[in-house]
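make a model of this:
(chains A, B and C)
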Amino acid sequence: MRGVFQRFMKTFAKLFSLLTVLSQERASAGGAVEFIFYFGDVFTPVNFGLLLLGTIGGLILGATPGLSPTMAVALLIPFTFQLEAAQGLILLGAAYTSTVAGGAVSAILLKIPGAPANIATTLDGHAMAQKGEGARALQLSFLASAVGGIFGVLLLIFLTPVLARWALAFGPSHLFWLAILGVTVIGSLDSRSVVKGLLSGCIGLWLATIGFDDIMGAQRFIFHPSLGGGINIIAALIGLFAIPQVITMFARGRRQDGAEVMRVQKHPIGAAVSELLRNRRAVGIGTMTGSVIGLIPGVGGQIAGLVAYDQSRKFSPDREKFGSGHPEGLIAAESANNAMVGPSLVPLLTLSIPGSPTAAVLLGGLLIHGIFPGTDLFDNHPDVAWTFINSMLIGQVLMCIFGLYVAGLAARVAQVPQSVMAAVVLGLAVFGSYSVQSSMGDVYVMAGLGVMMYFLERFGFSAAPLVLGLILGPIAEANFIQGSMIANATDGVMPYFFGGSLNIFLIAVVIASVFYSAWMELRSRRYTSKEEIMA
Amino acid sequence: MKKLLAGAAIALAGLSTTAVADGHANYPERPIMMMVSYGAGGATDFQARIVTMTAGNEDALGMPIAILNKPGAGGRVGWNWLASQADADGYTLGAYNIPHFIAQSIKGGVEYSADSFEPIANWGADPAVLVVGADSEFNTLQDVVDFASANPGKLTTSGAGLFVGHHIAALQMEKAGGFSMAYIPTKGGGAAAMKAVIAGEVMAGINNLSDAFRAREAGNVKILAVADLERNAFLPDVPTMKESGLDVDNSSVNFRGIMVPKGTPQGVIDKLAETVPAMFENTRVAGKMKAGGSPMHIMTRDEVLEMWAAREVTLRELLAGL
Amino acid sequence: MSEMSLPRVQHIIGSGIVAAVGIWVTYVSYTQQPSEAFLFPRLISTVFVVLALWTFFKACLGRTRVGNGISARQLTNLLPGLVIALVYIFWAARGLGFYTATAIAFFILLSLYDPAPHGLVKSWVKRVIITACFMAVMYGLFAVLLKVYTPREILF
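As a prediction, this is how the structure comes out:
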């Protein structure tokens, strides 16, 4: 026991040797202040114009179903061929930050998460929009995004050297436990029955194994050629969330059974600001979770929102209200989404390792101008590096202002009659899923999963745990296989997966999460129906 | 933007009855699509976008080439699609990676072989290199070989996947040195394999020269050897494996170029084979490639045909025992 | 939420299908080769099939509490829309071209579910205008701005 404790302390001492690292790496510590000198560069007419263009364009692209931040950035790369390096990166940086926030717009108004990051936003955000509180939901989401986003970029500016070590501390065994931690959330996420939540998660985990297995190259469950590449996560998201909603609208029929005429409530911006200030806990949890998880290469962006949502529910006294249009969950999810943007670029900018698909595309945007991330970037091209980072900082503010400005207008979407809405969402779903890879196969997958999900929902299953399974499956599997390969060649599977303080810490969190959920579940249901848990 | 132009080819493919019998004097009449079987942001995708960026010029093809990414399973998904589903009308090109797709076809379970495609031209050659972390105790290839010989199966070595250039290089090293190591394929391609080396998750790694060069510039890795016939212009100080006493040839060098599916009209192939190498030679293309640290190696259709045939033979021999 | 207590039969059919899929997935996972590649599917499918069978037996005993099922009225309401949507996605989008198919499907769905009386000329005009606006936005966004080249057969 004592040995474990000592190892624990050692690793923590290593990870938290923040001050020593900062004083050692003078170049970067000096660099942290350096960003101020390059603020002026952002405000030249051309640069600011590009920033504005990137922000507003990014919001529109982000709000379009099927266009994930990665795609939006990839779409913009060819434009940057013609621009100078710094200008190109301003465009890309602004577009990245605002597409992440823009994804919330379709998640709230249409219940179509534009990217995996926005899944958690649909849970409470769309419920708010349905109650006529769309304006409030959008305003809170943009404000939370800006707070989280600015915090994340500040972390990127000031703590990059420390964070880079953190990012590298996560090896296959740790990523495996992290994925398992995500799996423990599945049962309690947006489902009134734990068993059916877990079953939905299993369906998602199974769907994720379809296609060519990336490591072994084996074919698994491919019953149609368009499934060879596996199920595209964006197409699946659109199908699983949008199509059941379309069919539900059909099911109400011409007479619109059960639909009331919606009154969209106006919501003053000041009220949104003070509401955000009242929800400091949700903002804090979201921002911290987003920053920490966003840092981890290969995992972060996709699950930051969901983990933050789950955490803020666990800590909230109003946990029963989550899922029925409670702003806390929305705030936590959106602040986490944008908080992850800055840290997710740490491995790229310092170590030249793209930690996420978006970072990989941004790497292309740098290389095309002959700039190598790492020391070359900060030593030889500080103007490019800091202008890029500053543009993300100012981009957050612009995004927030613009978002707040249009929130009231956008919320009127809720007033669109059901008949029109069903047809619009269907059309958007088809176009959105097609444009992901210009592939008809993705549209078929989208429709197939969507129809399946409608019927599953009628029997008490839900989409969010299914999608979580779909995201976590490949992460858990690949890291497990890779980890066991390394383990078999070195000191064996048991010490590799269960040894080391970070592993033990993560396992402890997994166990705590399971027990806490179970306890909360039993406590909150003591007075309702015990039957439901097992139903 | 370019990527999405891609659909154009699919869309218009339906109208391909317009292709008239009188040869293909007017080819190309509309934008061309090029399938890349790796994701946006990867080395192949990045280079493909650069070398095709001048396609729209009058002295090149006169029509833009749009990139369409079909990633998955180490490239199998994209090449399966190109071999079995793409239209062979000259408006659907594909990027090839040698030795990847030939090795995969020898291993089986895919719908293509070297005979399913017609090469057009080669644009780049990215040799595999042996990298270790910057603070690794290994300083030469000999150190690595000694360790691997003394501890069979204990040297963990990351690479981008099974039956890709990195894996071929690992197999060749094992064969030449008579030792065995633990090859760890990563999901997420060369970038993930490089991360494993930098973070110390594995003891060594085999990676692309272009990515390793960048990582070394950033001070993260040491490059111990190049798996090629001669030293590379980007890394004049790094010896080849042959120089260091390990008999490894250039079979694992990742050759990248353009091909079309079999059945594409001969007139179109000839036209492309004539124009595309010239397009690669454009100074703007060369400048961008150099800036990005990507070694160029332009080869004509005939040279590529020869190279494919030679690879097929060596790879069959190498993979026979697996 | 619950408009009627659900007939047991529906839940039995629904969870029965899920259980059948679970059994099939488990069977495939344990029989396919190479076995290393199916390690994870085996793990997942084992949990999957146990949970699915549990749910199925619960449903057979009539102890299902969650999920409202589908009423006959909902089914008749949704069927025409669903059929049109599926024909649109699985055939028309490819066969007629994306924009043509979308315009037709959009207009039919709109007319089918619009509460306005079908006899009124005014409401038909309104629906035509809505369809035209929607198509203009889609064309502007996807074809002009994003340059997505979708399958096109008739018109555009």
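
so where's chain A shaky on pLDDT?
For chain A, the stretches flagged by pLDDT under 70 are A:1-33, A:188, A:190-192, A:217, A:255-263, A:300-301, A:521, A:523-535.

mind doing that once more with 50?
Applying pLDDT under 50 to chain A flags the ranges A:1-2, A:9, A:12-30, A:526-535.

residue closest to the middle of it?
Taking C-alpha atoms, centre = their mean, the centroid of chain A lies closest to A:Ala117, which sits 2.3 Å from it.

so which bits of whichever strand or helix holds B:Ala66 are buried?
For B:Ala66, the host element (DSSP states H and E) is strand B:65-69. Residues of strand B:65-69 classed as buried: B:65-69 (neighbour count, 16 or more other C-beta atoms under 10 Å in any protein chain shown). From N, CA and C alone the C-beta is placed, and that goes for glycine too.

likewise stretch A:405-424?
For stretch A:405-424, burial by neighbour count (16+ other C-beta under 10 Å) applies to A:407-408, A:410-411, A:413-414, A:417-424.

closest residue of the stretch 401-535 of chain A to chain B?
Per C-beta to the nearest C-beta, the residue of the stretch 401-535 of chain A with the smallest distance to chain B is A:Ala489, at 3.3 Å.

check the secondary structure at the residue sitting nearest the centre point of chain B for me.
Chain B has B:Asn97 as the residue nearest its centroid, 3.3 Å off, counting by C-alpha atoms, centre = their mean. Classification of B:Asn97 by DSSP: H, G, I helix; E, B strand; the rest coil places it in strand.

picking up where we left off before, name the nearest of the buried residues of stretch A:405-424 relative to C:Leu96.
Proximity of those to C:Leu96 (C-beta to C-beta) peaks at A:Ala423, which lies at 16.6 Å.

state the phi and psi torsions of the closest one.
Note on A:Ala423: its backbone torsions stand at phi -70, psi -40 [degrees, to the nearest 10].

tell me the buried residues in stretch A:224-238?
For stretch A:224-238, the neighbour count (16+ other C-beta under 10 Å) marks A:226-238 as buried.

give me the domain ranges for chain C.
Following automatic domain parsing, one gets these domains for chain C: C:1-69, C:72-156.

wait, B:Ala191 sits on A:Val361?
No. Counting by C-beta atoms under 8 Å, B:Ala191 stays clear of A:Val361, with 11.9 Å between them.

got a list of what residue 296 touches?
Chain wasn't specified; assuming chain A. A:167, A:170, A:175, A:178, A:355 (C-beta atoms under 8 Å, 6 or more residues apart in numbering or on different chains).

can you look at chain B instead?
Contact analysis of B:Met296 by C-beta under 8 Å, 6+ apart lists B:123-125, B:280, B:286, B:289-290.

go again using 10 Å as the cut-off
Shown in contact with B:Met296 (C-beta atoms under 10 Å, 6 or more residues apart in numbering or on different chains): B:47, B:50-51, B:122-126, B:233, B:256, B:280-281, B:285-286, B:289-290.

what is the burial count for A:Pro317?
A count of nearby residues for A:Pro317, using other C-beta atoms under 10 Å in any protein chain shown, gives 8.

wait, I meant C:Arg73
Counted by other C-beta under 10 Å, the residues lying close to C:Arg73 total 14.

same check, this time on B:Asn250
Using other C-beta under 10 Å, B:Asn250 has 22 neighbouring residues.

burial measure for B:Leu162, as a count.
Neighbourhood size, B:Leu162 [other C-beta under 10 Å]: 20.

chain C versus that one, what's the distance?
Separation of B:Leu162 from chain C (C-beta to the nearest C-beta, to the nearest Å): 11 Å.

re the thing from before, okay, now the sheet partners of the strand holding B:Ala66, with direction.
strand B:32-36 (parallel) (DSSP bridges).
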